[in-house]
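Engineer: Here is the input, now give the coordinates:
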Amino acid sequence: MLRHLGGVMHHAGKAGIGVKAIRILAGGALSGSEDRSPLGVPKVEPIASGTSYAADVQAARRLLPLIGAGYAKDLVELALRFSAMPRDISTVLVGTASIAELDHAVAAINQGPLPAEANAMINQLQHG
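Structural biologist: From the prediction side, this is the model:
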């Protein structure tokens, strides 16, 4: 999910330069659903590692075992807690299509960072 870009985020943080994380839900793909809100953009180009939005959704679904293990209640919460918590990220832009989605994002961030075990599981699922 989070790309380290050769350590540039860490180096920027050490230099006191802000780092902004954008589209941390990959245009909605990290929800694990191909359904689009009627208020959102109807077609989203892939932003994660897949060749299509559907491929990005399928990649997100590989993280469902973390939901089953109780680390988050859904993939959106998991993605938000994973992406928003590194110290080197100073600003996170979260796209929402409704007040309910905004409330969900705020509640997810308020849960705090994922435990080390969850991060290890994500790493295992990403890299085999």
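
Engineer: Work out for me the element the closest residue to T96 other than its chain neighbours sits within.
Structural biologist: Spatial nearest neighbour of T96, chain neighbours left out: L102 (4.5 Å); criterion: CB to CB, 6 or more residues apart in numbering. (Glycine included, C-beta is placed from N, CA and C.) Element membership for L102 (DSSP states H and E) is helix 99-110.

Engineer: residues touching the spatially most central residue of the chain, list them.
Structural biologist: In the chain, the C-alpha nearest the mean C-alpha coordinate belongs to A79, at 3.0 Å (CA atoms, centre = their mean). Neighbour list for A79: 1, 24-26, 30, 60 [criterion: CB atoms under 8 Å, 6 or more residues apart in numbering].

Engineer: And it, how close does it get to S52?
Structural biologist: Distance check for A79 against S52: by CB to CB, to the nearest Å, it reads 19 Å.

Engineer: what about the strand or helix carrying Q126, average pLDDT?
Structural biologist: In this structure, Q126 sits in helix 116-127 according to DSSP H and E. Computed over helix 116-127, the mean pLDDT rounds to 91.

Engineer: Good, we can wrap up now.
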